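Undergrad: requesting a structural model of the entry that follows:
(one chain, ligands or ions: 1)
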Amino acid sequence: MASQRLHGRTALVTGASSGIGNAIAAEFGRQGANVVVADIRKEPKLEDERPVFEKLEEAGADATFVETDVSSADDAEAAVETAVSEYGGLDILVNNAGIYHQYQAHETPDEAWNDIIDVNLGGTFLLTRAAIPALRDSDNAKIINLASIYGLVGGENSAAYCASKGGVANVTRQLSLDYADDEVNVNALAPGIIKTAQNHEWRETDEDLLEDWENRTPWPRFGEPEDIADAALFLASDRSDFVTGHVLSVDGGWTAR
Ligand code: NAP
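TA: Numbering: from 1, shown residues only. So this is what the prediction gives:
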C-alpha cells in the first residue's frame, strides 16, 4: 500500500524477538517492510510478550528468522546474506541487540565487561560492516543504532554498559561521515527506561528505585517499546532523509535536566 512508509523495503532488526526490537520489527512490518529477525532466540523473553512472528503475520509482512549472535562476524555476515538472498537486498539495519549487567566498576568480572562490549558495541560494528555493501546498493539506506541515555550520561553500577553505549553513540556520528557519500543515513536512539525484560526484575521488586526513576522523569512514566518503535520508524523512513549522525533521546525528558 502506498500509504505504508516502508513499502517494499527490507529491514534487518537484531534482537528482534523481544522488547524494543520486537516492537520495531512489528511496526516496520505494518509499514510494508520485509523483516529479517536476527536474534539468538526465537521466542520472546517475557511470558506476556507477543511473539514477533505473530505480529508480523497479522500485519501481512514477509518475515524470516535467522539465528544470530551479533558478536560473531560469521553470524553477522550470514544475517545480511539472508536478507539479500530472501528479499534481493537490504535497506534498513537496526542494531538493537543488547545486554546489561549491573556491577560497581571495581567488581565487574572480566566476562561481564567483555560480553557487554562485544555484544552492544562489537555487534553494532560487525553488523554494520557486513551490511554496508548491500546498503550502498539501496536507494533508501538507513542504519539505526540503539544507544541509551546511559551512553549520554553516566549511570550507577553500569561501567561496561555506559562504555558500550557511549561507543555506540559516537560510532554513529563517525559512521554517518564515512557513508554520507553513499547516502546511507546513520542515526541512533537513546531510550530512557523502557518496559522490557532488561529491567523487568527491578521494576517488579524495587519500589524505591521505581519511584525515584519516575520522579526524575519529567513525563513521569516508563517508556513502552512502541515509543521507541515510533522514533525508529521516523529514522527508517524518507521523513528523516536530511538527518544523519544524530542521537535522538526518547526518554520522557530524562536527559533534559
Ligand atoms: P531485551 O528485552 O532483553 O531484548 C533483547 C533481545 O536481544 C533478546 O531477545 C535477547 O535474547 C537478544 N540478544 C541478546 N544478546 C544477543 C546477541 N548476542 N545476538 C543477538 N541477539 C541477542 O532488551 P531491550 O530492553 O528490548 O533492549 C533493546 C536495546 O535497547 C538494547 O540494545 C538495550 O541496551 C537498549 N536499551 C534498552 C533500554 C530499556 O530500558 N529497556 C534502555 C536503553 C537502551 P536473550 O534474552 O536470549 O539474551
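Undergrad: strands of the stretch 1-150 of the chain, start to end?
TA: With DSSP state E, counting those that start in this stretch as the criterion, the stretch 1-150 of the chain has strands at 10-14, 34-39, 63-67, 92-95, 142-146.
Undergrad: parallel or antiparallel, which strands does the longest one pair with?
TA: Strand 34-39 has its sheet partners listed here by DSSP bridges as strand 10-14 (parallel), strand 63-67 (parallel).
Undergrad: picking that back up, same list (the strands of the stretch 1-150 of the chain) but as a markdown table, adding mean neighbour count.
TA: The way it works is simple: take the backbone N, C-alpha and C, and place the C-beta from them, glycine included. Below are the strands of the stretch 1-150 of the chain laid out as a markdown table (neighbours: other Cβ atoms under 10 Å):
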| stretch | mean neighbour count |
| --- | --- |
| strand 10-14 | 30 |
| strand 34-39 | 29 |
| strand 63-67 | 18 |
| strand 92-95 | 30 |
| strand 142-146 | 27 |
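Undergrad: would CSV of these with distance to residue 113 be doable?
TA: Compiled in CSV, the strands of the stretch 1-150 of the chain are given as follows (distance: least, Cβ to Cβ, whole Å):
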stretch, distance to residue 113
strand 10-14, 21
strand 34-39, 23
strand 63-67, 25
strand 92-95, 20
strand 142-146, 19
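Undergrad: the ligand: which of the strands paired with strand 34-39 is closest?
TA: Distances from the ligand to each of the strands paired with strand 34-39 were compared by Cβ to the nearest ligand atom, and the smallest falls on strand 10-14, at 5.5 Å.
Undergrad: give me the angle between that closest one and strand 142-146.
TA: Taking axes from the mean of the first three to the mean of the last three Cα atoms, to 10 degrees, one finds strand 10-14 and strand 142-146 inclined to each other by 20 degrees.
Undergrad: would you turn the strands paired with strand 34-39 into JSON lines with distance to the ligand and mean pLDDT?
TA: Formatted as JSON lines, the strands paired with strand 34-39 follow (distance: least, Cβ to the nearest ligand atom, whole Å; pLDDT from 0 to 100):
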{"stretch": "strand 10-14", "distance to the ligand": "5", "mean pLDDT": "99"}
{"stretch": "strand 63-67", "distance to the ligand": "9", "mean pLDDT": "98"}
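Undergrad: show me what the top helix by length along the chain is packed up against.
TA: Longest helix in the chain by number of residues, with DSSP state H as the criterion: helix 159-178. Helix 159-178 sits against helix 110-116, helix 123-136, strand 142-146, strand 185-191, strand 247-250, with contacts defined as 3 or more Cβ pairs under 8 Å, 6 or more residues apart in numbering; DSSP states H and E.
Undergrad: ok, which of the ones you listed comes nearest residue 159?
TA: Proximity of the helices and strands packed on helix 159-178 to residue 159 was assessed by Cβ to Cβ; the nearest stretch is helix 110-116, lying at 7.7 Å.
Undergrad: no more questions from me, cheers.
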